[in-house]
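**Q** Predicted model and sequence follow; I will ask about them next.
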Amino acid sequence: MEQNQMMYPAKIAALASGTALIALQTAPAFAEGTRSGTIITNTATVDFRVGDVQQTRQTASDSFTVDRKVNLTVTLVDGPTTTVVPGQTGAVITFDVSNLSNETIDAVLAVTQASSGDAFDATDVQIFVDDGDGSFNPANDSQTTLIDEIGEDATVRVFVVSDIPLGQANNDLANLTLSATAHAGGAEGSQGALLTATSGTNTAGIDTVLADGAGPDDSANDGIFTARGGYRVSAATLTVTKTNRLLEDPVNGTTDPKAIPGAEVEYCVAVSNAAGSATATNVIVTDVVPDDLAIITGSVRINGGLDGSNNCIGGDPGGNVTGQTVTAQLSDLAGGETRTASFRVTIN
């Protein structure tokens, strides 16, 4: 009996081995991790025997709260620049704003224009948040600087809409930046407080970690992300020259004619579009002729060319004459092309 009792301490030491069983209480996991505010409880259990008798299970638990990881991204959807024409209104640049945080947040939007390195600033710049169809429609999309309650892993399309000043030259560039700044979510219909990183050691509550990367105009871990877009002007670059040549006069005929009453003069208007420029359409030449001249009926010709002396040659009959006004519509003028309009008058 004593012998058996002497063996008990050794037997207890051998049998008092336990297995730890882990129980986790979590919310569903998303692409960016467990939702902030989730309380994770980890319980370990120890089962053991003394002799051949199962003893009371021992447990120990520990809990912590998942902190807030804030990460916004802004992506340019279009190419590096959006092609526009001078005087265009409602020119659209498309961005996507994505919430890679582990909770719903508000994103406050802003547009800034480059202070250097481009040719002009767009005007009447506005921000619209898409209604969900992915296409800009000012009647349905919301003009706002707030994406309210953007959920975890959600992406919202944003349109920057601007006007282009008239008179901009071909290839002129306007650069702008769209920024999204993280604010607290949770209050639908109102802008939450600015999110800032929690300093110091981890607390028992929900701390904030700014996990965003660096965009072109922001720093990493600042709760802001930026993306750049731009407007590239595609313009026709027209030059107009007007010349005249004496064809004949009543005294000298066609030999060294002079500008005397009764002389016949040809006017030549040449319209050129610089190489690489956008095609000019609906090109209309209008010339108001002084009363000292009489327009010769049927003399208007359009879509001609120039000879080596820059005189009009060729062309087709056309145009209109109303009183002392000549109007000639030319065909579309692509970059690098020249077309002419010509007409003849006599000196009164």
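**A** Sure thing, it's come through.
**Q** Chain neighbours aside, what residue packs nearest to Ala280?
**A** Spatial nearest neighbour of Ala280, excluding adjacent residues (Cβ to Cβ, 6 or more residues apart in numbering): Ala236 at 3.7 Å. Every residue, glycine included, has its C-beta placed from N, CA and C.
**Q** Now the one you found. Its backbone dihedrals?
**A** Per-residue torsions, Ala236: phi -80, psi 140 (degrees, to the nearest 10).
**Q** quick one: low-confidence parts of the protein?
**A** Under the criterion pLDDT under 70, the flagged ranges of the chain are 1-32.
**Q** May I see the domains of it written out as residue ranges?
**A** If you go by automatic domain parsing, the domain ranges for the chain are 2-66, 70-233, 238-347.
**Q** In this structure the residue nearest to Ala280 contacts Thr279, no?
**A** Yes. Contact status for Ala236 versus Thr279: in contact at 6.8 Å, counting by Cβ atoms under 8 Å.
**Q** Please identify which of the two sits among more neighbours.
**A** With neighbours defined as other Cβ atoms under 10 Å, Ala236 and Thr279 compare such that Ala236 has more, 20 against 13.
**Q** State the distance from that one to Val285.
**A** If you measure Ala236 against Val285 using Cβ to Cβ, to the nearest Å, the figure is 15 Å.
**Q** for Ser342, same thing?
**A** 10 Å.
**Q** So the two - more neighbours on which side?
**A** Ser342 (26 against 22).
**Q** What does the more buried one show for phi and psi?
**A** Main-chain torsions, Ser342, degrees, to the nearest 10: phi -140, psi 160.
**Q** Verify the stated contact: it with Gly315.
**A** Yes. Assessed by Cβ under 8 Å, Ser342 is found in contact with Gly315 at 6.5 Å.
**Q** any shared contact partners between the two?
**A** By Cβ atoms under 8 Å, 6 or more residues apart in numbering, Ser342 and Gly315 have these common neighbours: 301, 304.
**Q** Strand partners (parallel or antiparallel) of whichever strand or helix holds Val97?
**A** For Val97, the host element (DSSP states H and E) is strand 91-99. Its sheet considered, strand 91-99 pairs with strand 72-76 (antiparallel), strand 155-163 (antiparallel) by DSSP bridges.
**Q** can you pull up the bridge partners for the residue most central in space within the chain?
**A** Central residue of the chain (Cα atoms, centre = their mean): Ile93, 2.8 Å from the mean position. The bridge-partner assignment for Ile93, based on DSSP bridges, gives Val160.
**Q** And Gln126, by the same measure?
**A** Bridge pairing for Gln126 - DSSP bridges - gives Val161.
**Q** what's near enough to touch it?
**A** By Cβ under 8 Å, 6+ apart, Gln126 lies in contact with 143, 160-162.
**Q** Over to Gly215?
**A** 74, 179, 224-227.
**Q** what two of these are the furthest from one another?
**A** The distance between the two most remote of the contacts of Gly215 (Cβ to Cβ) is 11.3 Å, for Ile224 and Ala227.
**Q** Quick one: residues contacting the residue nearest to Ala280.
**A** 170, 273, 277-280, 333, 335.
**Q** ok, now Ala227?
**A** 74-76, 95, 177-178, 215-216.
**Q** Burial check on the nearest residue to Val129 once chain neighbours are set aside, number of neighbours?
**A** Counting by Cβ to Cβ, 6+ apart, Ser142 is the residue found nearest to Val129 once chain neighbours are left out, at 4.8 Å. Number of residues near Ser142 (other Cβ under 10 Å) recorded here: 13.
**Q** got it, and Gly37?
**A** Around Gly37 there are 15 residues (other Cβ under 10 Å).
**Q** How much space separates it from Gly185?
**A** Between Gly37 and Gly185 the distance is 12 Å, computed by Cβ to Cβ.
**Q** Common neighbours of the two, please.
**A** Common contact partners of Gly37 and Gly185 (Cβ under 8 Å, 6+ apart): Glu103.
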